[in-house]
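[1] Structure for the following, please:
(chains A and B)
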Amino acid sequence: MNFRNVVLLYRKELTDLLRDRRTVFTMMILPILIMPVSITGTRYVFERSRKDARAQKFRIAVKETAAASEIGAGLRGAGFEIIPVQDVRAAAEGKKADAGLEITPGSGATSVKIYADQSDQIKYGVFRSRLTEVLTRVRDERIRSELMRRGVPFDVASPLKFDHVNLANPQWMMGSMFGTMLSFMLLVFTLNGAMYAAVDMTAGEKERRTMEILLSSAARREEIVLGKVFTAATICFTTAVLSALSLVFGLRQAMSGSKDAEMMAFPTDAPTVALLLLSLVPLTVLVSSVAIALAIAARSTREGMSYAMPVLFVALAVGMSPFLPGLDTRRVFDVLPFAGFTRMIKQIMLGDWSWARFGFALAANSAYAVVAIVFAVRKFHDERVLLRM
Amino acid sequence: MIQVRQLSKHFKDKTRGTVRAVDQLSFEARAGEVFGLLGSNGAGKTTTLRVLATILKPTSGSAVVAGRDVVADPDAVRRSIGFLSGDMGLYHRLTPREVLMLFARLAGVDDAAAKRRAEELIERFDMTSYAGSRIDHFSTGMRQRLAIARVVMHDPPVLILDEPTTGLDVPTAQIIEGFVLDAKRRGKCIIYSTHIMEEAEYLCDRIGVVHQGHLTALGTMDQLRSRTGKHRLREIFLDLLDLTPAPAESRI
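    Numbers count the residues shown, from 1 in each chain, chains lettered A, B, ... in the order given. Below is the predicted model of the structure:
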């Protein structure tokens, strides 16, 4: 094995890939843009819908009865438009009103049934909160006047007050919420990046008719495979890091100004970032070797890309399995490919890791990466696979 | 320089069963010789050349290139050869200079010598004006000049050229033919596969005709003429393949 040749081939493959505008866009630009754009876009659409819903004057169909008059007055006072009807449900179903209130007096309490189309969650959420506010006010007013009439203080109606105090530190909050999401994102972007690069360097090489000149060059098959694996690993490592940064930036943007923003601060201290990056290394080599070994069997880039989806499904199924309820404490996942990585990422995010477990998971993933490289090299010695054009 | 003994290469095919692409082929090619390998499409020429270039492993028999066996020592064989595939494949996103440097360095040529050699070949093949441009938009002729230059960058003793002038215009083909003759003068052993009979007649010292994986004839032009009684290589070739068109009068 001549590592000078590996470096030469690595530089050649990287130059070749980075001069392809599609690769640069898909592997570098898209991961940077995708999260901020999608999060900001979703947030904009959500805020806009909520603003529109808040500005809307809701129409409520009510059957005019003595029991309804008190609630109706409260609703009018809160800006609702009251539409008197005989059949409130039909009025709501026929869109004559945004909702229908069926108010039935009972022996003690009055029951209020609300008919509404709940398919627009944002609009219904705003309506529901405003309506609940009015109904709660009317109910409290009734209790207050009844208690006053009997000379009893209002506090009697709420003898127990409670408050939830969150004892989790910000890292635990952030780790439990985003550890799984980050693992998932890194796995998806790593696999996607590796497959894209691997297909271009193998099936693409067959399509461009350059495979033969490479195979007849002075480079050994092992050197060719390592050059390609390291190139794919570099590409998918970069893609994964960019997508992770994009996720962090996007979430920060989304949460800016919110009361939970401080609790959701991603760890940016050097040891945590170094651990996250280090844990990515064996994964990228493993994924790249598997991608190269599979993609070399493809006759064309189209066929090669069709292999990506099954690989992604398998890797995600294995990789996300530790997060299934009841399985998250099983240490056997540390030795599974992909799963060991995702667990490691979450533990790092939670700040709940040890050198022993980290080293164990890293070693397991590295061992799989070596096996995958050997598998890829064997494929490159198989002329039926290599010359399948 | 090249010894091929009882070389066979069989492929398994789902519909056709075992395909004997090359069957018991034997020949030798010497230093300072252009050895022509002729045959119709599918005759087994490219498979033979791929075995010599260590891309394919023989099913049986042996092939020794520059003193090294293609199975036992493929790495040494590849360092001794320059292989031009019929596909004319090149890295389209690289420049000619980058391609030449890459293949020279892979063959172990040091950087300074590789740079010197690259500039020499760029000038020789008249590529100076586009040596720093990406290959994407090159014409067939420009690509083939580069492909040939790539093959000889590390100055190997053996050149294996699979249809090097197919699809080229006359001036470019002439440059390549001139280069082959010059390489021969410098003692290189050249295996030259082509469908252009006039070119083979002009360039090759000896010619082997392959048909359905077998070597049906081998010799100099004079030897082939005396064997077939034909003068032109085209007629000799058709005669050897038993495809000689009947005389006009007998067809009437």
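[2] what does the helix or strand containing residue B:26 rub up against?
    Assigned by DSSP states H and E, residue B:26 falls within strand B:17-29. The contact list for strand B:17-29 (Cβ atoms under 8 Å, 6 or more residues apart in numbering or on different chains) reads B:1-13, B:35, B:44, B:47-48, B:51, B:58, B:61, B:189-191, B:206, B:208, B:210, B:212-215, B:218. (Glycine included, C-beta is placed from N, CA and C.)
[3] same check, this time on stretch A:336-344
    Contacts of stretch A:336-344 (Cβ under 8 Å, 6+ apart): A:180, A:183-184, A:186-187, A:279-280, A:282-283, A:286, A:315-316, A:318-323, A:333-334, A:353, A:357-358, A:361-362, A:364-365, A:368.
[4] For the residue lying closest to residue A:221 once chain neighbours are set aside, give its distance to chain B.
    Nearest residue to residue A:221, sequence neighbours excluded (Cβ to Cβ, 6 or more residues apart in numbering or on different chains): residue A:380, at 4.4 Å. According to Cβ to the nearest Cβ, to the nearest Å, residue A:380 and chain B sit 11 Å apart.
[5] wait, doesn't residue A:380 sit right on residue A:220?
    No - judged on Cβ atoms under 8 Å, residue A:380 makes no contact with residue A:220 at a distance of 9.6 Å.
[6] ok so, going back, any idea how far residue B:162 is from the residue nearest to residue A:221?
    22 Å (Cβ to Cβ, to the nearest Å).
[7] And for residue A:333?
    Residue A:333 sits 52 Å away from residue B:162, going by Cβ to Cβ.
[8] repeat for residue B:55
    In terms of Cβ to Cβ, residue B:55 sits 11 Å off from residue B:162.
[9] Find the residues that touch each one of these two.
    If you check residue B:55 and residue B:162 against Cβ under 8 Å, 6+ apart, the residues they both contact are residue B:83.
[10] Got phi/psi on whatever residue of the stretch 151-252 of chain B ends up closest to chain A?
    Nearest to chain A in the stretch 151-252 of chain B, going by Cβ to the nearest Cβ, is residue B:154, at a distance of 7.2 Å. Backbone dihedrals for residue B:154, given as degrees, to the nearest 10, come out at phi -100, psi 10.
[11] which helix in the chain runs the most residues?
    All of this refers to chain A. Identified as the longest helix of chain A according to DSSP state H is helix A:221-255.
[12] should've been chain B
    Per DSSP H, chain B has its longest helix at helix B:170-185.
[13] Each with direction, which strands does the next helix or strand after that helix pair with?
    Remark: after helix B:170-185, the chain's next helix or strand is strand B:189-193, criterion DSSP H and E. Paired neighbours of strand B:189-193 in the sheet (DSSP bridges): strand B:33-38 (parallel), strand B:158-162 (parallel).
[14] Could you pull out the buried residues of stretch A:279-292?
    Within stretch A:279-292, the residues that count as buried by 16 or more other Cβ atoms under 10 Å in any protein chain shown are A:279-280, A:282-292.
[15] shaky segments in the chain?
    You didn't pick a chain, so chain A it is. Low-confidence segments of chain A (pLDDT under 70): A:257-265, A:326-330, A:388-389.
[16] oops, I was thinking of chain B
    In chain B (pLDDT under 70), the answer is B:243-252.
[17] Flag every residue of it that's near chain A.
    For chain B, the contact set with chain A under Cβ under 8 Å from any Cβ of the partner chain comprises B:50, B:53-57, B:75, B:78-79, B:81, B:83, B:85, B:87-94, B:98, B:102-103, B:105-108, B:134, B:150, B:154.
[18] Could you list which of those residues belong to strands?
    Counted as lying in strands by DSSP state E, out of these, are B:81, B:83.
[19] Quick check on the residues of chain B next to chain A: which are buried?
    B:50, B:53-56, B:78-79, B:81, B:83, B:85, B:87-94, B:98, B:102-103, B:105-107, B:150, B:154.
[20] so which strand or helix has residue A:75?
    Under the assignment here (DSSP H and E), residue A:75 is part of helix A:66-77.
[21] same thing with residue A:278?
    Going by DSSP H and E, residue A:278 is in helix A:270-295.
[22] how about the helices of the stretch 1-150 of chain B, start to end?
    B:45-52, B:74-80, B:96-106, B:111-124, B:140-152 (DSSP state H, counting those that start in this stretch).
[23] Mind checking what helix or strand follows the helix holding residue A:75 in sequence?
    strand A:81-84.
[24] Residue B:217 belongs to a strand?
    Yes - according to DSSP: H, G, I helix; E, B strand; the rest coil, residue B:217 belongs to a strand.
[25] doesn't residue B:207 fall inside a strand?
    Yes - Residue B:207 forms part of a strand when assessed by three-state DSSP.
[26] Roughly how far does residue A:148 sit from residue A:73?
    Counting by Cβ to Cβ - residue A:148 and residue A:73 are separated by 19 Å.
[27] just checking, residue A:15 touches residue B:101?
    No - at 11.5 Å, residue A:15 does not count as touching residue B:101 under the criterion of Cβ under 8 Å.
[28] Would you mind telling me which of the two has the busier surroundings?
    Neighbours per residue (other Cβ atoms under 10 Å in any protein chain shown) separate residue A:15 from residue B:101, with residue B:101 holding more: 21 against 16.
[29] Show the contacting residues for that one.
    B:114-115, B:118.
[30] Export those residues to a markdown table and append columns for neighbour count.
    Shown next, in a markdown table, are those (neighbours: other Cβ atoms under 10 Å in any protein chain shown):
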| residue | neighbour count |
| --- | --- |
| B:114 | 21 |
| B:115 | 15 |
| B:118 | 24 |
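[31] Out of those residues, flag the one nearest to chain A.
    For the contacts of residue B:101, the nearest to chain A is residue B:114 (10.9 Å; Cβ to the nearest Cβ).
[32] Which residue is the nearest non-sequential neighbour of the closest one?
    residue B:104 (3.8 Å).
[33] tell me the contacts of residue B:5?
    B:26, B:61-63.
[34] Around the closest residue to it other than its chain neighbours, how many other residues sit close by?
    In this structure, residue B:5 finds its nearest non-sequential neighbour in residue B:62, 4.9 Å apart by Cβ to Cβ, 6+ apart. Using other Cβ under 10 Å, residue B:62 has 15 neighbouring residues.
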